[in-house]
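[1] Just need the structure, nothing else, for what follows:
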Amino acid sequence: MPALTLVMATGPLSLAERFQALLAVAESITSCRDSEELFCGLARHLQRVVRFDRVGLVLLQPERGGTSARVLETTGMGFTTLPEYPVDGDHSGWVIETQQPLIVPDTAAETRWPRAMAELREHGIVSFCSLPLTTARRRIGALGFGSREPVTYTAAEVGFLGEVAKLVAVAVDNALNFDHAQATQRQLSTERDHLRLLLEVTNTMVSNLDLPRLVDAISSSLERAIPHEFTALALYDKDSGELVVHAAAAKSSDGRSLVGRRIPVVGSAAGEAFTARRTLLFGEDDLTGRLADTAAPMREAGIRSVCAVPLVVGDRGLGTLTVGNLQPDAFTPESVAMIEEVVRRVAMAVANALAFREIAQLTEKLAEERLYLESEIRAEHLRRYAWPGNVRELANLIERAMILSKGRTLEVPLGELKRRRSRADHEDRASTLEAVERMHILRVLRETNWTLGGPRGAAARLGMKRTTLQSLMRRLGITRPRAA
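    Down below sits the predicted model:
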């Protein structure tokens, strides 16, 4: 690839001058922690001892099986990033694979890499030198210098540039390790913030079953990780087939003004996410174009990008959580993943809150039905009671109920009616048994022709003594009828 080339030195260098140049290069790169800073410092110091028109740094990308390159023109002000090449596709790959320096005095005469040579010639490079960048740990890539004039490289010049390449390889390796450490630190910091957010959301869900308070707390926690303007929770209404905003939190306005707003499923950001059952992102073109009718409140609030995430528990769609931002294209894949993780927990909290609400409504309904049934039972007891004491007994019962009742509802002591009725029933049963006994004795007396004693008399048939029968007859008022 057209990247790294070396040109002839301005003149023969003494050993001391070479060591001074190497020392200057070493000093310039030891404090560098950024590849661009390293590259600029290297080019500046090498131009004092080596003449070149173009310097390039090729880095090996082993995970992709290719190389990436950045080129700095001495006449320019910035870097040029070149497209990636496969390792075996150009001269830089050859240098990396063989770990040998490559000197091409004439790019027009070099035939092994025609495409790369043609690109070099397009940039005016006539000759170049490329050297491997390798440390004890790994192969880094290649370093090259190019010239717009044909040059001849001596063994001393190549050896000097080889020493430079060793220093550059260590410096680049350190810079790459530093970049990797920084990226790892950022990743760990992001994961820490992510876990902290999820913990806060979980704690919020445990302590809040009220949807508005839940959304306020979630929006506050989410703001620390993902800056945004508003958060709105809309639930699906089966009766109307629309989404209804149940809670909203906004930084620059009162989110409560949005509560109760109905959102059509068709033609709205929240509706499309709810229907698709997946997260959808919307930009300014969407909010001002095909969703203009339903997105008017968001546009008025200055919202320029929206992330709408469906609330799904199992196969049941509950609604959506919509997050709006004042910046265009504000939601990165990382922030979207974090919002989705939060929404999964929010969906469970919403399902619990809805279940709690349904249970409360059912409990209230059952309580009303219980009061109704109790009232009916009391009325039935009062209707069926015989009231042997007539109005006086009813008045006494009502007076006692007023004394015992604790609230506004009259609680009739039905237990007392049961006790009174038990006594009355006992008296009814007693008088009935007495009549049955009298009729039985009269029947036996008639059958024995009123003969009380003897083996065939009434006393023997009734299984009692004659004197006992006589006593019983007196108690029951049984007397022998006179003969006509």
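[2] Let me know the helix or strand that residue 26 is in.
    Assigned by DSSP states H and E, residue 26 belongs to helix 15-30.
[3] pLDDT of that helix, averaged?
    In this model, helix 15-30 has a mean pLDDT of 69.
[4] Kindly report the same for stretch 344-361.
    Here the average pLDDT along stretch 344-361 is 77.
[5] Go through that stretch and flag the buried ones.
    Buried residues in stretch 344-361, defined by neighbour count with 16 or more other C-beta atoms under 10 Å: 345, 346, 347, 349, 350, 351, 353, 354. Where C-beta positions appear, they are placed from N, C-alpha and C, glycine not excepted.
[6] Next: stretch 110-123.
    110, 113, 116, 117, 119, 120, 123.
[7] now the last one: how far from residue 273?
    For residue 123, the distance to residue 273 (C-beta to C-beta, to the nearest Å) stands at 49 Å.
[8] The second one now?
    When C-beta to C-beta is applied, the distance between residue 113 and residue 273 equals 51 Å.
[9] quick one, domains of the chain?
    Taking automatic domain parsing as the reference, the chain has its domains at 15-181, 208-352, 414-476.
[10] These: which one's closest to residue 360?
    Across those, residue 360 has its closest neighbour in domain 208-352 (9.8 Å, C-beta to C-beta).
[11] So what's the gap between the closest one and the chain middle?
    13 Å (C-alpha atoms, centre = their mean, to the nearest Å).
[12] Going by residue numbers, what spans are strands in the stretch 251-400 of the chain?
    Secondary structure of the stretch 251-400 of the chain (DSSP state E, counting those that start in this stretch): strands at 262-264, 280-282, 305-313, 316-325.
[13] Kindly reformat the ones you listed as CSV containing mean neighbour count.
    Shown next, in CSV, are the strands of the stretch 251-400 of the chain (neighbours: other C-beta atoms under 10 Å):
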stretch, mean neighbour count
strand 262-264, 16
strand 280-282, 20
strand 305-313, 23
strand 316-325, 23
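[14] got those as JSON lines, with distance to residue 145 and mean pLDDT columns?
    Listed next are the strands of the stretch 251-400 of the chain as JSON lines, based on distance: least, C-beta to C-beta, whole Å; pLDDT from 0 to 100:
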{"stretch": "strand 262-264", "distance to residue 145": "63", "mean pLDDT": "90"}
{"stretch": "strand 280-282", "distance to residue 145": "46", "mean pLDDT": "93"}
{"stretch": "strand 305-313", "distance to residue 145": "46", "mean pLDDT": "91"}
{"stretch": "strand 316-325", "distance to residue 145": "47", "mean pLDDT": "89"}
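[15] As TSV, those strands with distance to residue 66 would be great.
    Below are those laid out as TSV (distance: least, C-beta to C-beta, whole Å):
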stretch	distance to residue 66
strand 262-264	48
strand 280-282	31
strand 305-313	34
strand 316-325	36
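[16] okay, the domains of the chain in a markdown table with distance to residue 189 next?
    Shown next, in a markdown table, are those (distance: least, C-beta to C-beta, whole Å):
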| stretch | distance to residue 189 |
| --- | --- |
| domain 15-181 | 12 |
| domain 208-352 | 11 |
| domain 414-476 | 71 |
